[in-house]
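Novice: coords below, sequence missing:
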Ligand code: SF4
Ligand code: SF4
């Protein structure tokens, strides 16, 4: 396994960060023991870094991972915006994960300088927890170039978690080169960089080799978060992030896996999923929700929001 220093946090993390969204209820909905089997395999390959978020509902899985590997580095994220919501998120994380200390606590999916300003109280709360030694590092995650531009003007941020992949799938306001340019500047400022969605939320699965070559070739990225939900995916990614060539049969099996969201025909047309989708991938057509697959990042947030349990990952 390759390792890097996560910027000024000083923590050494595996270049492969185990993303847990995919094992949670929005996607594969693995039980805690099923998730633990994947963690065990990944830890065996040298992974020492996990990514979760309050919205993923995978704290029970991460709690088990922490029990199995007490020194694992954990990053979580929340949408908290003021002191009260930040306090609630912090409590939920420490109680859910079963640790008094959270290594990396980020504001989830920020969009601009304006939204950073709007979350100032939550940032102050997390920085106070950092001073108290209860949080190791503070920062944000984003799909926006303009938000990265704003974030690098905040020296109090230790870690940034931008979306980057070779085709720019999911970058809300620019090209891969635009995003890369600001990632490089953040890296020069010694901010830790966790890259998200190297496979474009599933859109680049058919180009998996090239898509991973792209992020692995970027020395301004410290670690890459990839959601994994099978032992095959763990074995494949761990091989790639250890500089090894994966077993061709394994690559071939993974090449056959396709994933996408499906809105079932009994949609009631309530529109709740439209506002839940931050990628603006859902519209109402003739009273029925429809997904634009060119915009969908397969995050599963719409499935969670649907009161009819009408949206599935298939
Ligand atoms: S439609 Fe939107 S919310 Fe639903 S999975 Fe796709 S990107 Fe996520
Ligand atoms: S939230 Fe569910 S029922 Fe409502 S429009 Fe979306 S898919 Fe249909």
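Specialist: Received, thanks. All values reported here derive from a predicted model rather than from experimental measurement. Ligands and ions are numbered 1, 2, ... in the order given.
Novice: contact partners of stretch 91-102?
Specialist: Applying C-beta atoms under 8 Å, 6 or more residues apart in numbering, the contact partners of stretch 91-102 are 52, 54, 59-60, 62-63, 66-67, 74, 76, 78, 90, 105, 129, 133-136. Heads up, the C-betas are built off the backbone N, CA and C, glycines and all.
Novice: And these, which of them are buried?
Specialist: For these, a neighbour count by 16 or more other C-beta atoms under 10 Å gives the buried set as 52, 54, 59, 62-63, 66, 74, 76, 78, 90, 105, 129, 134-136.
Novice: Now for those residues: which two are most distant?
Specialist: Distance extremes for the buried ones among the contacts of stretch 91-102: the farthest pair is 63 and 129 at 19.3 Å, using C-beta to C-beta.
Novice: picking that back up, in strands, which of the contacts of stretch 91-102 fall?
Specialist: Taking DSSP state E as the definition of strands, these contribute 74, 76, 78, 105, 135-136.
Novice: Can you tell me the closest non-neighbouring residue to residue 15?
Specialist: Leaving out its chain neighbours, the residue that sits closest to residue 15 by C-beta to C-beta, 6 or more residues apart in numbering is residue 2, at 3.9 Å.
Novice: again, but for residue 119
Specialist: Closest to residue 119 by C-beta to C-beta, 6+ apart is residue 81, at 4.8 Å.
Novice: if we can go back for a sec, and the residue nearest to residue 15, how close does it get to residue 32?
Specialist: Distance, residue 2 to residue 32, by C-beta to C-beta, to the nearest Å: 29 Å.
Novice: Next: residue 234.
Specialist: 16 Å.
Novice: More neighbours: which of the two?
Specialist: residue 234 (24 against 14; other C-beta atoms under 10 Å).
Novice: close enough to count as contact, that one and residue 38?
Specialist: Yes: Residue 234 lies in contact with residue 38 (C-beta atoms under 8 Å); the separation is 5.5 Å.
Novice: on that earlier part again, list the backbone torsions phi and psi for the residue nearest to residue 119.
Specialist: phi -130, psi -20 (degrees, to the nearest 10).
Novice: Same question for residue 206.
Specialist: Residue torsions, per degrees, to the nearest 10, at residue 206 are phi -70, psi -20.
Novice: picking that back up, contacting residues for the residue nearest to residue 15?
Specialist: 14-16, 241-243.
Novice: near ligand 1, which residues of the chain?
Specialist: Contact residues, the chain versus ligand 1 (C-beta under 6 Å from any ligand atom): 261, 276-277, 279, 281-282, 291, 296-302.
Novice: do that again at 8 Å, thanks
Specialist: 26, 201, 261, 273, 276-282, 291-292, 295-303, 305, 311, 313 (C-beta under 8 Å from any ligand atom).
Novice: so where's the stretch 51-200 of the chain shaky on pLDDT?
Specialist: Within the stretch 51-200 of the chain, no range satisfies pLDDT under 70.
Novice: ok, now with 90
Specialist: Confidence mapping of the stretch 51-200 of the chain against pLDDT under 90 gives the ranges 169-172, 199-200.
Novice: Relative to ligand 1, which residue of it is the closest?
Specialist: residue 170 (8.3 Å; C-beta to the nearest ligand atom).
Novice: measure the residue of the stretch 101-250 of the chain found nearest ligand 1 to ligand 2 for me?
Specialist: Closest approach of the stretch 101-250 of the chain to ligand 1 (C-beta to the nearest ligand atom) occurs at residue 201, with a separation of 7.0 Å. Distance of residue 201 to ligand 2, given as C-beta to the nearest ligand atom, to the nearest Å: 19 Å.
Novice: Between residue 234 and residue 38, which contacts overlap?
Specialist: residue 228.
Novice: If we go by neighbour counts, what in the strand or helix carrying residue 103 is buried?
Specialist: Secondary structure assignment for residue 103, by DSSP states H and E: strand 102-110. Residues of strand 102-110 classed as buried: 102-110 (neighbour count, 16+ other C-beta under 10 Å).
Novice: And for stretch 146-165?
Specialist: For stretch 146-165, by 16+ other C-beta under 10 Å, it's 146-152, 154, 157-165.
Novice: distance between the ends of it?
Specialist: Length of stretch 146-165, first residue to last, C-alpha to C-alpha, to the nearest Å: 17 Å.
Novice: so what's the residue of the stretch 51-200 of the chain closest to ligand 1 up against?
Specialist: So residue 170 contacts 143, 163, 197, 200-201, 279, 297 (C-beta under 8 Å, 6+ apart).
Novice: can you give me the helices in the chain?
Specialist: If DSSP state H is used as the criterion, the helices of the chain fall at 32-44, 59-68, 83-97, 113-118, 120-131, 145-151, 176-188, 208-216, 231-240, 248-255, 272-276, 301-305.
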